[in-house]
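Chemist: mind folding the following:
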Amino acid sequence: QVQLVESGGGLVQPGGSLRLSCAASGLAFSIYGLAWYRQAPGKQRELVAEISKSGTTNYADSVKGRFTISRDNAKKTVYLQMNSLEADDTGAYFCNARNVGFTTLDYWGQGTQVTVSS
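Modeler: Residues are numbered from 1 along each chain as shown. Predicted coordinates for the structure are as follows:
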């Protein structure tokens with residue numbers, strides 16, 4: 001059974017930092033592309049950052065220069081370091097693991113809430 005478990009969310013003041021973690025189990029972690037998505041109240045889920053199995057990263061324009069995605073294949077964990085947080089970064093953050101092959105395998109975590117407020 002595949003599980004993705006996020007942690008590290010919370011309440012932070014504008015300008016602050018948080019580090020999200022997503023621990024995976026039940027899958028061949030190193031062959032998966034990994035991503036963080038977020039969903040604000042009343043809005044669609046959007047891609048925040050992604051990292052390929054080879055380590056190539058991609059970021060939404062709104063978080064470039066502030067967020068960093070990384071992966072530790074030995075620990076089967078993907079991280080999202082978030083600095084200079086803004087109110088617009090508020091939302092539920094979801095971890096995603098995807099492997100595109102003959103069939104596409106796509107897994108999601110349950111989400112962790114990030115609230116940026118003074």
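
Chemist: name the next helix or strand downstream of whichever strand or helix holds Tyr93, please.
Modeler: Taking DSSP states H and E as the criterion, Tyr93 maps to strand 91-100. Sequence order places strand 104-108 as the next helix or strand after strand 91-100, per DSSP H and E.

Chemist: next one: that following strand to chain centre, how far?
Modeler: In terms of C-alpha atoms, centre = their mean, to the nearest Å, the centre of strand 104-108 is found 14 Å from the chain centre.

Chemist: check contacts around the residue nearest the centre of the chain.
Modeler: In the chain, the residue lying closest to the centroid (C-alpha atoms, centre = their mean) is Trp36, at 2.4 Å. Going by C-beta atoms under 8 Å, 6 or more residues apart in numbering, Trp36 touches 20, 22, 47-50, 69, 78, 80, 93-96. From N, CA and C alone the C-beta is placed, and that goes for glycine too.

Chemist: report the buried members of those residues.
Modeler: 20, 22, 48-50, 69, 78, 80, 93-96 (16 or more other C-beta atoms under 10 Å).

Chemist: ok, the contacts of Trp36 vs Phe29, which is closest?
Modeler: Distance ranking of the contacts of Trp36 against Phe29, using C-beta to C-beta, places Val78 first at 8.7 Å.

Chemist: helices or strands up against the strand holding Tyr93?
Modeler: Secondary-structure packing of strand 91-100 (3 or more C-beta pairs under 8 Å, 6 or more residues apart in numbering; DSSP states H and E): strand 3-7, strand 18-25, strand 33-39, strand 104-108, strand 112-116.

Chemist: most distant residue from the centre of this structure?
Modeler: Phe102 (25.1 Å).

Chemist: tell me the one of the contacts of Trp36 nearest Ala40?
Modeler: So of those, ranked by how close each gets to Ala40 (C-beta to C-beta), first place is Tyr93, at 10.4 Å.

Chemist: other SSEs contacting the lowest-mean-pLDDT helix or strand in the chain?
Modeler: In the chain, no helix or strand scores lower on mean pLDDT, DSSP states H and E than strand 104-108, which sits at a mean of 94. Here strand 104-108 touches strand 91-100, going by 3+ C-beta pairs under 8 Å, 6+ apart.
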